[in-house]
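Undergrad: Sequence isn't available, so here's the structure alone:
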């Protein structure tokens, strides 16, 4: 326990002792004795800890939508359609986007077959990884996908906007590539894409198996990216917001290695940020898959370095990969 918390503990203990004491004498030693505190402990009828759980059935699980799951393959993500509590979207690693309703889970529909021709699952932990609905969906009928593109080595990771002619069952969707990220191996693809409470699109590629790249902010690998895709078509802009991305004054980066720090970067130093999301307080929590000993859950803030590969959790991993004072 450090000195700050040790001092605080003693202060709190002294306060508790003072408030729970019996009586104290008068200041001049005469007259009626002054009494403080309680004469007896009050009955506690409501704030009572429950009995300790016993036996093997502490938690219960119930299988749901079995008729749907039996028709699906390697599921990477499930989402509910905004504004429709009955409809679920399911991503398949091979590139399928399927829908079913809670009221009829046995009817599973291939919602966007055109996307499957764009996706490769060649990477060990790659394929179709993430999907995000436009913040104004369905009024703005657009969805965004994050996946390994065909061919894998040349295409790397791609963020694609799909403008829908129908949200029920698209017939002639328009697909536009918004962002491309070079990849160099089958490892650590990352895996999610979401709109934040600020209306910007967040994208988190992994380090691509090139560990030290997560500390090099001249490329997108091992970073959390934040971009503006509102009305940009096949492309994006750097968010104009306060606070800005840490390198927002620089020119936009290309898909590979660049000469300058990338203005798309919101935070960096991740290994394989597969799943993450925003809580009710608009804070960004990220699960980063570890290498050997640690799995991390990080509270991500703008401009912060989360240490990989210098650190894995609290342990040193490749200490000379960065300056620990910057983590």
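TA: Nice, thanks for sending it over. Quick caveat, the model's predicted, so the values are computed rather than measured.

Undergrad: Quick check: phi and psi on the closest residue to residue 222 other than its chain neighbours?
TA: Spatial nearest neighbour of residue 222, excluding adjacent residues (Cβ to Cβ, 6 or more residues apart in numbering): residue 214 at 2.6 Å. Every residue, glycine included, has its C-beta placed from N, CA and C. Phi and psi for residue 214, reported as degrees, to the nearest 10, are phi -70, psi -20.

Undergrad: which residues touch residue 214?
TA: Counting by Cβ atoms under 8 Å, 6 or more residues apart in numbering, residue 214 makes contact with 207, 221, 222, 223, 268, 269, 270, 271, 308, 309.

Undergrad: what's the neighbour count on the second one?
TA: By the measure other Cβ atoms under 10 Å, the count of residues near residue 221 is 28.

Undergrad: Which residue, neighbours along the chain excluded, lies closest to it?
TA: Counting by Cβ to Cβ, 6+ apart, the residue nearest residue 221 is residue 213, at 4.1 Å.

Undergrad: Checking my notes, the one you found in a helix, right?
TA: Yes - the assignment for residue 213 is a helix, going by DSSP: H, G, I helix; E, B strand; the rest coil.

Undergrad: wait, isn't it in contact with residue 222?
TA: Yes - counting by Cβ atoms under 8 Å, residue 213 touches residue 222, with 5.9 Å between them.

Undergrad: which one of those two has more residues nearby?
TA: Neighbours per residue, other Cβ under 10 Å: of residue 213 and residue 222, the larger number sits with residue 222, 31 against 23.

Undergrad: Figure out the helix or strand that residue 218 lives in.
TA: Taking DSSP states H and E as the definition, residue 218 sits outside all helices and strands.

Undergrad: what sits against it?
TA: Listed by Cβ under 8 Å, 6+ apart, the contact partners of residue 218 are 253, 257, 258, 259, 260, 261, 262.

Undergrad: which of the contacts of residue 214 are buried?
TA: 207, 221, 222, 223, 268, 269, 270, 271, 308, 309 (16 or more other Cβ atoms under 10 Å).

Undergrad: From residue 128, how far off is the second one?
TA: So that's residue 221. Note on residue 221: its distance to residue 128, by Cβ to Cβ, to the nearest Å, is 20 Å.

Undergrad: again, but for residue 274
TA: From residue 274 across to residue 128, the span is 13 Å (Cβ to Cβ).

Undergrad: What's opposite the spatially most central residue of the chain in the beta bridge?
TA: For the chain, residue 276 is the residue whose C-alpha lies nearest the centre (Cα atoms, centre = their mean; 1.5 Å). Counting by DSSP bridges, residue 276 is bridged to residue 286.

Undergrad: Equivalent analysis for residue 97, please.
TA: Residue 97 has these beta-bridge partners by DSSP bridges: residue 91.

Undergrad: Now for it: which residues touch it?
TA: By Cβ under 8 Å, 6+ apart, residue 97 lies in contact with 89, 90, 91, 110, 111, 112, 115, 128, 131, 145.

Undergrad: What of residue 181?
TA: Residues near residue 181 by Cβ under 8 Å, 6+ apart: 156, 157, 158, 205, 220, 221, 255.

Undergrad: Identify the residue spatially nearest to it, adjacent ones excluded.
TA: Residue 181 sits nearest to residue 157 (Cβ to Cβ, 6+ apart), 4.1 Å away.

Undergrad: Verify the contact between that neighbour and residue 130 for me.
TA: No - with contact defined as Cβ under 8 Å, residue 157 does not count as touching residue 130 (10.1 Å).

Undergrad: Overlap of the contact sets of these two?
TA: 146, 147.

Undergrad: Please identify which of these two sits among more neighbours.
TA: Higher neighbour count among residue 157 and residue 130: residue 157, with 27 against 22, using other Cβ under 10 Å.

Undergrad: beta partners for that one?
TA: residue 148, residue 181.

Undergrad: now, which of the contacts of residue 218 sits nearest residue 120?
TA: Distances from residue 120 to those, taken as Cβ to Cβ, are shortest for residue 257 (22.6 Å).

Undergrad: all helices for the stretch 151-300 of the chain, in order.
TA: Counting by DSSP state H, counting those that start in this stretch, the stretch 151-300 of the chain has helices at residues 152-155.

Undergrad: give me the low-pLDDT residue ranges for it?
TA: When residues are selected by pLDDT under 70, those of the stretch 151-300 of the chain lie in 153-155.

Undergrad: Could you pull out the strands in it for me?
TA: Per DSSP state E, counting those that start in this stretch, the stretch 151-300 of the chain carries strands over the ranges 157-163, 174-181, 192-195, 201-204, 223-227, 265-268, 273-278, 284-288, 296-300.

Undergrad: If anything else comes up later, I'll come back, but that's it for now.
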